[in-house]
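S.K.: Model the following, please.
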Amino acid sequence: MTGHAHVKVQDAAIERQSFMREEQYKHFRWTKTTVRSSLWGAAILPVGLFLVIYGNQNKWDWTGKRRDQSLAAAPKS
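M.R.: Numbers count the residues shown, from 1 in each chain. This is a model prediction of the structure:
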């Protein structure tokens, strides 16, 4: 081991971007765009996924089915 494996090359653009990212919370504002994206990510999308999953929860039964059998949980006779 020669001892030069941990040399850090500093790039001004990377340092600026890192600083802006670390200090971003100080300059955040609630605008139409941030409110809309926050609602989509924190409320609308999770609730929509929950409703779709909850609606299909007991409709299908995949365990022990053969090729000619129905996947419906309560197959029609």
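
S.K.: which residues sit against whichever strand or helix holds Leu39?
M.R.: Leu39 belongs to helix 32-39 when assigned by DSSP states H and E. Contacts to helix 32-39, defined as C-beta atoms under 8 Å, 6 or more residues apart in numbering, come from residues Phe28. (Glycine included, C-beta is placed from N, CA and C.)

S.K.: now the lowest-mean-pLDDT helix or strand in the chain, how far from the centre of its chain.
M.R.: Scoring the helices and strands of the chain by mean pLDDT, DSSP states H and E places helix 12-22 at the bottom, with a mean of 93. Using C-alpha atoms, centre = their mean, to the nearest Å, the mean C-alpha position of helix 12-22 is found 25 Å from that of the whole chain.

S.K.: Over to stretch 42-50?
M.R.: Centroid displacement of stretch 42-50 relative to its chain, using C-alpha atoms, centre = their mean, is 11 Å.

S.K.: how about the least confident helix or strand of the chain as CSV, C-alpha atoms only?
M.R.: The C-alpha trace of helix 12-22 is given here as CSV (Å, rounded to 0.1, in the frame of the first residue of the first chain):
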residue,chain,number,x,y,z
ALA,A,12,-16.0,23.5,-7.8
ALA,A,13,-19.3,22.6,-9.5
ILE,A,14,-19.7,19.5,-7.3
GLU,A,15,-18.9,21.5,-4.2
ARG,A,16,-21.5,24.2,-5.2
GLN,A,17,-24.2,21.6,-5.8
SER,A,18,-23.5,19.9,-2.5
PHE,A,19,-23.7,23.2,-0.6
MET,A,20,-27.0,24.2,-2.3
ARG,A,21,-28.4,20.8,-1.5
GLU,A,22,-27.4,21.0,2.2
